[in-house]
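using only what follows, build the 3D model:
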Amino acid sequence: RPLEIEIGCGKGKFLLARAERHGGRDFIGVDYAQKWLRRGKERGEKKSLQNLRFIRSETREFLLGVPFSVVDIFHIYFPDPWPKRRHQARRLVTHDFLILLYGRLKPAGLVEIATDNDCYFEAIRAAAEKTRPFWRSLRESRNRRLAFEDFKTNYELKYEAEARDLYYLELCKR
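Presented below is the predicted three-dimensional model:
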């Protein structure tokens, strides 16, 4: 069945809504924060969603265990921007990380990334440009989701209410 993975899923609001509406797909939420992950897992169990799993793991470690060419969509919404210069090496979305995702995507698979941090978005865009030969298309948007418009994350709703600019990038594998 088609597989979607949300990296940094938090409480799982986005994935719960997708799993409820798309019973013919499988969904995995990955996060390191046990407290939030537990909430998503409990909500999924209450709704008896058999197509949804939550996994506590460090992201790169988890991805190394994912076989090649099995994922249809990666969702990465509002990863920690690590805004201080001395912390920026901790950022999740880098050139190497995009290559890691690319290997796990099926042909024509998607990666959708969102952030509210303009500096981080520029770094993400630069990383995507370095890997441009891998992608059939690279689309970006400000304040308008490119895909999955019916489903929003907790952060997305919060930041929209605060009238923050939201930046979206979508990569489609060749």
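
alpha carbons only for contacts and neighbour counts from here, please
Fine.

tell me, what residue is most central in this protein?
Centre of the chain computed as the mean C-alpha position; nearest residue by CA atoms, centre = their mean is residue 76, 1.7 Å away.

mind pulling up the pLDDT for that residue?
Looking at residue 76, its pLDDT reads 98.

go on, residue 36?
Reading off the confidence values, residue 36 has pLDDT 88.

same deal with residue 162?
Residue 162 is assigned a predicted lDDT (pLDDT) of 97.

state the distance from it to residue 155.
10 Å (CA to CA, to the nearest Å).

neighbour count: those two, which is higher?
residue 155 (15 against 9; other CA atoms under 10 Å).

the closest residue to the more buried one other than its chain neighbours and residue 110: what is the separation?
Of all residues not flanking residue 155 in the chain, residue 78 sits nearest, at 7.1 Å (CA to CA, 6 or more residues apart in numbering). The gap separating residue 78 from residue 110 is 17 Å, by CA to CA.

before we move on, what about residue 92?
On the measure of CA to CA, residue 92 and residue 110 end up 17 Å apart.

the two - which one has more neighbours?
The neighbour comparison of residue 92 against residue 110 (other CA under 10 Å) goes to residue 110, with 25 against 20.
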